[in-house]
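A.B. asks: sequence first, predicted model second:
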Amino acid sequence: MAFRKGDTITWNTPQGETEGSIVEKHEKEFTFDGQKFNASEDEPYYTVESAKSGKHAAHKESALTKK
């Protein structure tokens with residue numbers, strides 16, 4: 001279930017389902033918004049952009065659904 005830059009995806013937030021797009025795939029440890037993420041090839045993380053707010057967030061691949 002790999003995603004590519006620009007793919008339209010959804011994810012759940014406390015406010016409900018959010019739609020956006022993939023900005024970047026991470027397969028190594030990285031820091032985003034002051035928080036460290038332990039990404040790997042087996043468990044990648046993605047930087048995503050909300051279509052509604054334009055804000056960026058980082059999520060595990062398993063938290064995302066392709067639209």
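C.D. replies: Right, received. Where do you want to start?
A.B. asks: in the helix or strand containing V48, what counts as buried?
C.D. replies: Using DSSP states H and E, V48 maps to strand 45-50. Applying a neighbour-count criterion of 16 or more other C-beta atoms under 10 Å, one finds 45-48 buried in strand 45-50. Every residue, glycine included, has its C-beta placed from N, CA and C.
A.B. asks: could I get the residues you listed as a markdown table with distance to N12 and pLDDT?
C.D. replies: Shown next, in a markdown table, are those (distance: C-beta to C-beta, whole Å; pLDDT from 0 to 100):
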| residue | distance to N12 | pLDDT |
| --- | --- | --- |
| Y45 | 16 | 97 |
| Y46 | 15 | 98 |
| T47 | 17 | 98 |
| V48 | 12 | 98 |
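A.B. asks: can I get those in TSV with distance to S21?
C.D. replies: Compiled in TSV, these are given as follows (distance: C-beta to C-beta, whole Å):
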residue	distance to S21
Y45	15
Y46	10
T47	10
V48	7
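A.B. asks: just these now: which is nearest A2?
C.D. replies: Checking the buried residues of strand 45-50 against A2 with C-beta to C-beta, the nearest one is Y46 at 9.8 Å.
A.B. asks: that closest one and E27 touch, don't they?
C.D. replies: No. Counting by C-beta atoms under 8 Å, Y46 does not reach E27; the two are 10.3 Å apart.
A.B. asks: distance check, the closest residue in space to A58 that isn't next to it in sequence against T47.
C.D. replies: Nearest residue to A58, sequence neighbours excluded (C-beta to C-beta, 6 or more residues apart in numbering): F32, at 4.4 Å. F32 is 7 Å from T47, where distance means C-beta to C-beta, to the nearest Å.
A.B. asks: show the pLDDT at the residue lying farthest from the centre of the chain.
C.D. replies: Each residue of the chain has a distance to the centre, and by C-alpha atoms, centre = their mean the biggest one is for Q15: 16.7 Å. pLDDT, Q15: 88.
A.B. asks: so what's the closest residue to T65 other than its chain neighbours up against?
C.D. replies: Excluding its sequence neighbours, the residue lying closest to T65 (C-beta to C-beta, 6+ apart) is T10, at 5.0 Å. For T10, the contacting residues are 17-20, 64-65, 67, by C-beta atoms under 8 Å, 6 or more residues apart in numbering.
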